[in-house]
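*Asks:* Below: sequence and its predicted model.
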Amino acid sequence: MPSAPVTEDSHLYLIDASAYIFRAYHALPPLTRASDGLPVGAVSGFCNMLWKLLEELKGGERPTHFACVFDKSSYSFRNDLYPEYKANRDEPPEDLRPQFPLVREAAVAFHTHALEQEGYEADDLIATYARQAEAKGARVTIVSSDKDLMQLVTDKIHMLDTMKNKQIDADAVFEKFGVTPDKVIDVQALAGDSVDNIPGAPGIGVKTAATLLEEYGTVEELLERAEEIKQPKRRQTLIEHAEQVRTSKLLVTLKDDVPVEVALEDLAVADPDPKTLIDFLEKMEFRTITRRVRETFEAEGVIDETTAGDIGFDAENYVCIRDFKTLEDWIARAHEAGVIGLDTETNSLDCQTCDLVGISIALSPNEACYIPLGHIDPDHSGGSDMFDADPPRQIRKEDALKALKPLLEDPSVLKVGQNFKYDYTVFARNGIHVTPIDDTMLISFALHAGMHGHGMDELSERYFHHSPIPFKEVAGTGKSQITFDRVPLDKATEYAAEDADVTLRLWQHFKPWLHREKVTTVYETLDRPLIPVLAGMERAGIKVDRDHLSRMSSDFAQRMAGLEDAAYKAAGGEFNMGSPKQIGDILFGEMGLPGGKKTKSGQWSTDASQLEYLAAQGHELPQIILDWRMLSKLRSTYTEALQDAINPETGRVHTSYSMAGAQTGRLSSTDPNLQNIPVRTEEGRKIREAFIAEDGNVLISADYSQIELRLLAHIADIDALKNAFKEGLDIHAMTASEMFDTPIEGMDPMVRRKAKAINFGIIYGISAFGLANQLGIERSEASDYIKAYFEKFPGIRKYMDETKDFAKDNLFVKTAFGRKLHLKEMNSKNGAQRAFAERQAINAPIQGSAADIIKRAMIAMPEALAKKKLDAKMLLQVHDELIFEVPEAQAEDTIETVRKVMEKAPLPALQLSVPLDVDARAAKTWAEAH
DNA sequence: GCGATCACG
DNA sequence: GACGTACGTGATCGCA
């Protein structure tokens, strides 16, 4: 650490760190480290404060000497004077305690002294250094708002409350105590202090103390002449408690001659070591301040950017291509590069219907271009003067695409995209089949599922400490938002070229990690090849009978109106049937029915299980609400919304599959969600009748039977289960028979139902609470069932324990095909969080392996169908089910091929020890085919 | 923008 | 002994 003499030009900063920690803890919102839940709110506040003081204070305020001062322990010489000193302090809160050592670590990371000394409080050290510096004519700033330090204030020594950003000088002290700083200890001695347990004189507060001191000068003088005090009460108090007041003065007087271990000169401010500081901040996972610190260091040129692997972003180098010659030049350079970042800009978020507006290409970091192709009025902003608008000078779309096509289809040039299924579809609609490809979103997902999201902005911030321009910034937001074709070209170029740039950089950053993390195969055989398959399914869409939906909608609306009348009658007045809040108030408030559970927000819960319970007791209104809710759900989410989703050009509904949404590796379906079309109730199933085949065609539905239980049997290696599947037994009946020791023949359906619930429960990471809830039985009974199950199938318990142990050690679990799901809460101190992670650890390998298998089937499917010269088109995936559309005459052959591909899907990567069974049927509607 | 609810596997 | 609980999703509505 450097040393420098303290002179009149010096400015010493003393941070009252111990007091700061408590204040930050209470004043700042709680913050925990994302990866393990470690509480770090006070540490974060401390780091921000230090950084601000050290780096952002420019000019005369900048410190020349600097130190953070801590309390060493709770004991000090004051305890010898007065054993009760600070005796009323509570232990620091549980989630503050681990932060004390971290704050000391932070002080060191910032390259400042972390001072503490046995037997003295931080305040005494501060007093000593402050007085020493003052004696040399230096200025002193004490960073604290603690009133105990106010006695130190002089015209050289000030205090600074960083949270309120307020200087505390002699005037401010006078305002608080009614005396000048040198008399503060006298006021405190008289008034006492409940926080520090300083007794003072009973009945005398700050105001009275100030008045008395005005007349008598000091405590000593006052006590000497106590007999002269006119008010009898005060006189008596002061005479009686004279000794106590003298002790109090000793307690509040800071010791300014501590034999300090570090000399004042050695507190000279030192530049932090960039690597040490950034490493610490990154370890704490403070994203914002890490970025700020990094940027400052970069600006000051103290970080070697290339060794950090981070080449700064510089939009200056982005090029807007508006003439053909330049485009040809970039295409040639792209061939040369061999790998390019690629991104498309469109005029809507729906890649099925949008128009291509522009293309961006990145060749290397900071070397990127944007090719506008469909911009309107690019030289005016927002088209306010449409009549004057000149068409922008941009390359004709057909010409550009024609020139780009060979590049985009060139097998020797890798095209890297982020969420590339979108761009793939846009290009496909323009007659270009982009290949070969990589997708940074999917690479991130293969590497880090469960650790963080996989959106580009988040990845860029996390790995490059760079925030790409938000879309909102170029297009605006809300009602005044414009489509990308109206964004002026300069802004469009900055935004679009940056996206391609970031994408290429992400690829460079991630690619080596695929091997290191052993997920190359997952990415290359399960995720990447699925892109064109899903793109094809989304483009194909499924035919939906609008009239059928429309008729159902009217029918539902009528019946809902009837139910509304009945409900108002039963409730004795009108209310909003769609408001759970109002329903709760009526049922449990006005009608006084016995309320069940409450929701998190304190409202009465009115979910189906609650209403069913009330209905079963013979109450009318709950049943009406249940019936209405079902119809309302079916109508708003399905019969109405699905009509709007029909693409007018194709007459079909085109969903969009999300490939990196579900943590376990499952797909999800949005806009609209076609994976949750009703089937469980009679009424709901009718909606599936609206999903139909084109004339002359049929729909085929093929689904895996019990795939997750089969995988459990295989993964946990349970002979009894495996044999049951091999023999084609009813697995739930078999389980019941084993558990309850009854023959399968003539089994009570209730018994089988229990076993079925347990089988599902096992897959979910069973708990007595959950099982009891599911079956509507007592928790103790559920507990007995689980016990019986584990006695019959000890291998399952063993599998569960081993899986949990693995997850605790490695913080991830794997599917049978090697897909990883990271579970960072496995060792959380929070019991509920940990239990949740444990159940995920049980479930994810099973659910994820099933997802992997159907993905393999889907990837193999197009070729298998083509080979058999079948015209079947794969349309939908619903986790364990695939829907196809095929000319009627080919239905049987298609079923045969589909079944074979699905049943053999794990091969050759994995030979399951149980057979996979596939049920398949052909029909005119999805309702019948399922 | 969030919680409650409910549709699916 | 209390806590908070079945796994994975997405859409709609009311409400602040």
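*Replies:* That came in fine, so what should we check first? Given the structure is predicted, the values throughout are model-derived calculations rather than measurements.
*Asks:* What distance separates the opening and closing residues of stretch A:179-190?
*Replies:* Length of stretch A:179-190, first residue to last, C-alpha to C-alpha, to the nearest Å: 13 Å.
*Asks:* what's the average pLDDT for it?
*Replies:* Average pLDDT, stretch A:179-190: 92.
*Asks:* which residues sit against it?
*Replies:* A:147-148, A:150-154, A:170, A:173-174, A:177-178, A:198, A:200-201, A:204, A:206, A:208-210, A:212-214, A:218-219, A:222, A:245-246, A:248-249, A:252-253 (C-beta atoms under 8 Å, 6 or more residues apart in numbering). Quick note: C-beta positions are derived from backbone N, CA and C, even for glycine.
*Asks:* Mark which of those residues are buried, thanks.
*Replies:* Listed as buried from the contacts of stretch A:179-190 are A:147-148, A:150-153, A:170, A:173-174, A:177-178, A:198, A:200-201, A:204, A:206, A:208-210, A:212-213, A:219, A:222, A:245, A:248-249, A:252-253; burial here means 16 or more other C-beta atoms under 10 Å.
*Asks:* Sort out for me which of the residues you listed are in helices.
*Replies:* Secondary structure from DSSP state H places A:170, A:173-174, A:177, A:206, A:208-210, A:212-213, A:219, A:222, A:245, A:248-249, A:252 of those in helices.
*Asks:* of all those, which comes closest to residue A:867?
*Replies:* The closest of these to residue A:867 turns out to be residue A:173 (C-beta to C-beta; 89.3 Å).
*Asks:* which stretches of chain A aren't confidently modelled?
*Replies:* A:56-60, A:304-310, A:378-391 (pLDDT under 70).
*Asks:* Domain ranges for it, per the record?
*Replies:* A:11-267, A:315-541, A:543-653, A:708-841, A:851-929 (automatic domain parsing).
*Asks:* Tell me how far the closest residue to residue A:578 other than its chain neighbours lies from residue A:626.
*Replies:* Leaving aside its sequence neighbours, residue A:578 sits nearest to residue A:632 (C-beta to C-beta, 6 or more residues apart in numbering; 6.7 Å). Distance of residue A:632 to residue A:626, computed by C-beta to C-beta, to the nearest Å: 11 Å.
*Asks:* so which helix or strand takes in the residue nearest to residue A:578?
*Replies:* Residue A:632 belongs to helix A:620-633 when assigned by DSSP states H and E.
*Asks:* Pull the distance from stretch A:518-536 to the chain's centre.
*Replies:* The chain centroid and the centroid of stretch A:518-536 are separated by 25 Å, computed with C-alpha atoms, centre = their mean, to the nearest Å.
*Asks:* who's in contact with that stretch?
*Replies:* Contact with stretch A:518-536 is made by A:420-421, A:424-425, A:428, A:437-439, A:442-443, A:445-447, A:514, A:657, A:659, A:665, A:667, A:817-820, A:852, A:855-856, A:858-859, A:861-862, A:873-874, A:909, as judged by C-beta under 8 Å, 6+ apart.
*Asks:* Return the subset of these lying in strands.
*Replies:* Among these, the ones falling in strands (DSSP state E) are A:437-439, A:657, A:820, A:873-874.
*Asks:* Which two among those residues are spaced furthest apart?
*Replies:* A:820 and A:873 (32.8 Å).
*Asks:* These two: who's more crowded?
*Replies:* residue A:820 (25 against 19; other C-beta atoms under 10 Å).
*Asks:* what number of residues lie near the residue of chain A at minimum distance from DNA strand C?
*Replies:* Using C-beta to the nearest atom of the strand, residue A:761 is the residue of chain A that sits closest to DNA strand C, at 2.0 Å. Neighbourhood size, residue A:761 [other C-beta under 10 Å]: 20.
*Asks:* The helix or strand harbouring it packs against which elements?
*Replies:* Assigned by DSSP H and E, residue A:761 belongs to helix A:749-763. Applying 3 or more C-beta pairs under 8 Å, 6 or more residues apart in numbering; DSSP states H and E, one finds that helix A:749-763 makes contact with helix A:707-716, helix A:731-740, helix A:768-775, helix A:779-792, helix A:831-867.
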